[in-house]
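Undergrad: What follows is a predicted protein model with its sequence.
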Amino acid sequence: MPKGIDETSEELKIGSRADYDADISSEKLVIATSTKQFSGNKVFYLERPLVAVVLAAGEGTRMKSSLPKPLHRICGRPMVLHVLDALGQLPLEKVVVVVGHGLDQVTKVIMAEANANLPIEFVEQATQRGTGDAVSVGLTAMPEHLELDSDADVIVLPGDAPLITPKTIASLVESHFCGSQVATLLTANVKEPEGYGRILRDKHANIVRIVEQSDIVDDSALINEICTSVYVFKYSVLGPGLRRLIPQNQQKEYYLTDIVEVLANAGYQVAAVTAEDPNEAIGVNDKAQLAAAESRLRDRINNSWMKKGVTIVDPSRCYIDTSVILEEEVILQPNTILRGKTSVAKFAEIGPNCELTDCVIGEGAVIKDTVAESSEMRSWSKVGPFAFLSPGTIIEPRAVTGSFYTDKDLP
């Protein structure tokens with residue numbers, strides 16, 4: 001079983017700032033963009049290696065659920081999958097997912113639903129001893145050819161930040177690769193920072209420390225710049241820095257946030273990129289935060305479809321999963337819920353009061369007051385009101401079901 005942070009008194013040397021500057025002075029760095037598109041954004045090609053570590057081992061006791069926290073769904077997709085999706089722009093050598101609580105469930109779902117192009121590997125954090133220990137465990141799965149590669153970088157993300165976007169991740173990595181810093185943090189300025197770690201800067205605006213909410217004892221609580229728990233590190237300093245962490249906090253855990261102070265005290269530069277949308281910083285630790293994250297993601301999804309030509313009469317009462325496909329000139333009436341792999345062709349009108357799961361809706365079809373699962377309503381058919389279609393039901397082109405229709409009415 002992979003081991004985390006060594007609790008022995010091993011003395012480690014991180015090296016000097018001068019040594020690091022000498023190392024990067026001759027480094028050739030290329031960040032190029034191609035014409036290939038991903039979610040409307042350009043894909044970055046990086047000359048030096050990059051590995052991702054996603055932290056998905058926590059129990060999530062505040063969720064008060066038997067379902068592992070990373071698997072709670074937001075707009076139809078487990079939130080850890082939203083995080084993995086955000087990595088899709090990056091040419092990653094490997095994506096290490098650190099699992100722990102409910103590891104069998106978590107690994108099974110990720111293997112079934114994650115982007116097949118992501119080179120994912122799982123590693124277990126057998127005992128939850130904090131995020132610092134989790135990253136240390138994750139580093140045990142680093143590709144062998146990178147072990148001696150001082151140019152490699154590691155991006156670390158929490159598995160419970162479903163609103164993070166590919167664009168923001170790409171911007172963070174680009175900033176890190178273009179600078180001389182050994183660590184780059186994604187921060188956010190929020191009106192209500194309660195519950196988040198605060199970014200502490202010195203009089204020259206240099207980042208010197210992150211203080212967790214539970215450890216705040218002074219006016220740090222008034223700081224509005226928060227840590228999103230998304231970082232990019234130089235691999236050559238990450239491991240030694242982690243081994244210097246000490247669990248001197250109320251939770252007696254190894255906080256990854258403490259590595260910022262370790263690196264700053266060693267003379268290294270730590271930089272930050274501020275998220276344009278503070279909502280991307282939202283972490284999910286309980287059901288209230290889960291609902292808040294889903295609401296914001298739903299707004300994002302609805303706005304995206306409306307910009308593509310879909311009419312949503314009342315966006316506040318329209319629920320569309322991330323996996324749904326809509327064509328131009330579709331009309332969605334209030335209280336419409338589209339789940340799973342539902343697809344709707346142009347000129348179709350859905351609602352009001354419809355819940356469709358894994359359904360295929362043909363061109364010009366009109367569906368009202370209907371619940372349907374794994375059914376097909378073909379072109380220009382009319383279904384409802386008050387219809388119920390069980391899996392396998394097919395409504396033929398231009399057919400009209402009438403009111404109170406069920407598949408039992410089929411000949």
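TA: All right, it came through fine. Here the structure is a predicted model, which is why all the values come from computation and not from measurement.

Undergrad: for the one helix or strand residue 209 maps to, which positions count as buried?
TA: According to DSSP states H and E, residue 209 maps onto strand 207-211. Buried positions in strand 207-211, judged by neighbour count with 16 or more other C-beta atoms under 10 Å: 207, 209-211. C-beta here means a position set from N, CA and C on the backbone, and glycine is covered the same way.

Undergrad: so how far is residue 122 from the nearest residue to residue 327 once chain neighbours are set aside?
TA: Counting by C-beta to C-beta, 6 or more residues apart in numbering, residue 327 lies nearest to residue 346, which is 4.1 Å off, once chain neighbours are set aside. Residue 346 sits 42 Å away from residue 122, going by C-beta to C-beta, to the nearest Å.

Undergrad: cool, and residue 234?
TA: Residue 234 is 24 Å from residue 122, by C-beta to C-beta.

Undergrad: Give the bridge partners for residue 337, please.
TA: residue 319, residue 355 (DSSP bridges).

Undergrad: my bad, should have said residue 184
TA: Residues in beta-bridge contact with residue 184 (DSSP bridges): residue 232, residue 271.

Undergrad: mind exporting the helix or strand containing residue 156 as CSV, just the C-alpha atoms?
TA: Using DSSP H and E, residue 156 maps to strand 153-158. Taking Å, rounded to 0.1, in the frame of the first residue of the first chain, the C-alpha atoms of strand 153-158 are listed here in CSV:
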residue,chain,number,x,y,z
ASP,A,153,5.0,19.9,-13.0
VAL,A,154,2.0,18.6,-11.0
ILE,A,155,-1.4,20.1,-11.0
VAL,A,156,-3.5,19.3,-7.9
LEU,A,157,-7.3,19.6,-7.8
PRO,A,158,-9.9,18.6,-5.2
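
Undergrad: roughly how far is the helix or strand just after that strand from the heart of the chain?
TA: For strand 153-158, the following helix or strand on the C-terminal side (DSSP H and E) is helix 166-178. For helix 166-178, the distance from its own C-alpha centre to the chain's C-alpha centre is 15 Å (C-alpha atoms, centre = their mean, to the nearest Å).

Undergrad: Compute the inter-axis angle for helix 166-178 and strand 153-158.
TA: Here the directions of helix 166-178 and strand 153-158 differ by 150 degrees (axes from the mean of the first three to the mean of the last three C-alpha atoms, to 10 degrees).

Undergrad: What residues of helix 166-178 count as buried?
TA: Applying 16+ other C-beta under 10 Å to helix 166-178 flags 166-177 as buried.

Undergrad: ok, now stretch 100-108?
TA: 100-103, 105-107.

Undergrad: do the same with stretch 392-405
TA: Quick answer for stretch 392-405 (16+ other C-beta under 10 Å): 393, 395, 401, 405.

Undergrad: follow-up on the earlier one: pairing partners for the strand holding residue 156, with directions?
TA: Strand 153-158 is paired, per DSSP bridges, with strand 50-56 (parallel), strand 225-234 (antiparallel).

Undergrad: one step back: and residue 234 and residue 122? Which one has more around it.
TA: residue 234 (23 against 16; other C-beta atoms under 10 Å).

Undergrad: distance of that one from residue 156?
TA: Look at residue 234 and residue 156: by C-beta to C-beta, they are 12 Å apart.

Undergrad: Then residue 396?
TA: 53 Å.

Undergrad: about what we covered before: would TSV of the buried residues of helix 166-178 with pLDDT be doable?
TA: Shown next, in TSV, are the buried residues of helix 166-178 (pLDDT from 0 to 100):
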residue	pLDDT
166	94
167	94
168	95
169	95
170	93
171	94
172	95
173	95
174	93
175	94
176	95
177	92
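
Undergrad: Run through this structure and note the low-pLDDT ranges.
TA: Applying pLDDT under 70 to the chain flags residues 1-45, 147-150, 214, 217-221, 408-411.

Undergrad: Can you give the domain ranges for it?
TA: The record assigns the chain these domain ranges, following automatic domain parsing: 17-287, 308-409.

Undergrad: so what's residue 131 up against?
TA: 55, 158, 229, 253-257 (C-beta atoms under 8 Å, 6 or more residues apart in numbering).

Undergrad: Is it possible to get CSV of these that adds distance to residue 370 and neighbour count?
TA: Listed next are the contacts of residue 131 as CSV, based on distance: C-beta to C-beta, whole Å; neighbours: other C-beta atoms under 10 Å:
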residue, distance to residue 370, neighbour count
55, 42, 27
158, 39, 23
229, 42, 22
253, 50, 18
254, 53, 24
255, 51, 24
256, 48, 27
257, 50, 23
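
Undergrad: Tell me which other helices or strands the top helix by length along the chain touches.
TA: As assigned by DSSP state H, the longest helix anywhere in the chain is helix 287-307. With contacts taken as 3 or more C-beta pairs under 8 Å, 6 or more residues apart in numbering; DSSP states H and E, helix 287-307 sits against strand 73-74, strand 311-312, strand 318-320.
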